[in-house]
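Enquirer: okay, structure incoming, though there's no sequence with it:
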């Protein structure tokens with residue numbers, strides 16, 4: 001080969017390498033600009049239990065004042081982001097978690113009830129029903145889950161790990177797309193651990209989450225973090241905010257299961273503190289601007305908490321019921337680089353919408369078999385969700401609901417103008433043109449979801 005030919009070949013090779021480097025750099029730049037996504041899920045927290053939704057005081061049995069609603073971090077998150085006024089989960093936890101992670105209604109994935117109860121599946125089938133994490137992992141995201149699972153087995157995990165220096169190793173969590181994990185055992189924590197800051201289980205979860213986010217930043221990868229807090233689920237036991245609080249009478253079956261309700265305001269406050277720590281860590285890492293943070297509750301507030309609102313009216317607990325307060329939950333979104341501060345969205349959304357929203361903002365193609373509808377246009381300030389109704393199911397009961405009306409599985413129609421305080425039954429013989437139109441429209445929706453139901 002002549003010197004000229006050799007030089008020509010070398011130049012062509014150099015040009016090819018340079019071009020490939022440019023392509024790789026472009027891909028790296030695209031990945032680096034994708035938003036991080038953090039989904040924080042509270043365990044048993046209705047919308048009314050947060051200050052920005054109007055909550056003022058928590059009341060116990062016979063109207064006893066338990067304490068004030070103290071959620072400054074969530075209130076600030078809403079003030080600088082978007083608060084969804086009408087967001088709906090299901091009345092209990094496993095169905096809501098399955099719906100959130102798959103974008104499909106819970107009865108479609110085997111979770112008409114809590115896992116293993118009343119014939120519900122004991123394990124989400126992520127091959128048939130891929131999760132947010134499965135899909136984002138395939139798109140180059142680093143994925144991590146921390147906290148309560150409750151949609152499948154946790155292998156032989158029996159105790160909370162004493163520190164957050166090592167991951168747990170639960171095959172089902174990994175199969176659901178989470179390459180990293182720090183899970184806590186049980187349907188919910190019988191004990192939150194010693195009520196001392198740094199030893200308390202939620203603090204260990206925070207430490208692990210911080211390590212995960214640090215490592216994702218070091219790796220230069222966008223990340224998806226599913227942070228499933230056990231708070232404020234019963235038993236209502238002391239927190240590091242009130243370490244000397246009561247634990248309830250162990251000889252009383254009810255108090256042995258639920259603990260002492262006097263601790264409930266502190267459990268909510270500690271949950272709020274967790275949220276504040278996650279946001280502060282993102283700020284510290286320089287990731288806050290381009291991180292979408294979604295905060296939600298998995299179902300309504302648990303027994304026997306009543307929330308007195310700032311307007312003086314009371315809202316009783318609703319967990320496990322098909323009342324408005326069973327599935328009406330907080331949903332707050334924060335994404336400083338994108339979201340206009342202080343927005344309130346009054347349209348209806350439900351938990352199936354979280355998956356398509358996360359995929360949309362990450363630039364990932366949506367599956368064609370999901371129920372969810374992306375509310376990314378709401379976040380971006382250039383539109384609204386296409387959703388006009390929501391669906392919530394628990395065992396054989398369900399409802400479909402639009403902004404003003406709710407239709408139950410038995411055909412009963414409710415005027416929701418005064419919800420969540422009251423729901424007015426409207427009998428067919430009392431229909432107005434408006435209620436008749438709502439009845440017919442919602443019945444048509446129900447027929448598509450439950451065609452065998454009269």
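Expert: Received the coordinates, thanks. Model, not experiment: these values are computed from the prediction.
Enquirer: would you state the helices of the stretch 201-350 of the chain in chain order?
Expert: 201-219, 253-258, 264-284, 324-327 (DSSP state H, counting those that start in this stretch).
Enquirer: that should have said the stretch 51-200 of the chain, apologies.
Expert: If you assign secondary structure with DSSP H, counting those that start in this stretch, the helices in the stretch 51-200 of the chain sit at 72-79, 93-102, 132-138, 171-175.
Enquirer: closest one to residue 36 among those?
Expert: helix 132-138 (10.4 Å; CB to CB). All C-beta spots, glycine's among them, are computed from the backbone N, C-alpha and C.
Enquirer: hmm, who's touching the closest one?
Expert: 37, 39, 100-101, 103, 126, 143, 145, 176-179, 224, 226, 354-355, 358-359, 362, 364, 367 (CB atoms under 8 Å, 6 or more residues apart in numbering).
Enquirer: show me what contacts the nearest residue to residue 419 once chain neighbours are set aside?
Expert: Ranked by CB to CB, 6 or more residues apart in numbering and with sequence neighbours excluded, the top spatial neighbour of residue 419 is residue 324, at 4.5 Å. By CB under 8 Å, 6+ apart, residue 324 lies in contact with 318, 406, 416, 419-420, 423.
Enquirer: show the pLDDT at residue 324.
Expert: Note on residue 324: pLDDT of 98.
Enquirer: could you do residue 23 as well?
Expert: Value for residue 23, per-residue pLDDT: 38.
Enquirer: do me a favour and get the end-to-end distance for stretch 112-128?
Expert: 17 Å (CA to CA, to the nearest Å).
Enquirer: need the contact partners of it.
Expert: With contacts defined as CB under 8 Å, 6+ apart, stretch 112-128 is touched by 92-95, 98, 101-102, 106, 109-111, 131, 134, 150-153, 172, 175-177, 187, 393-396.
Enquirer: now it: average pLDDT?
Expert: On average, stretch 112-128 scores 97.
Enquirer: re the thing from before, so which of the contacts of helix 132-138 sit within strands?
Expert: Counting by DSSP state E, the contacts of helix 132-138 place 37, 39, 143, 145, 224, 226 in strands.
Enquirer: hey, what's the first one bridged with?
Expert: According to DSSP bridges, the residues that bridge with residue 37 are residue 224, residue 292.
Enquirer: got the contact list for it?
Expert: 136, 141, 222-225, 291-292, 294, 358, 361-362.
Enquirer: and the chain, what are its domains?
Expert: Per the record, the chain has its domains at 33-394, 397-449, by automatic domain parsing.
Enquirer: distance from the shortest one to the middle of the chain?
Expert: The gap between the average C-alpha position of domain 397-449 and the chain average comes to 26 Å, counting by CA atoms, centre = their mean, to the nearest Å.
Enquirer: nothing else from me, thank you.
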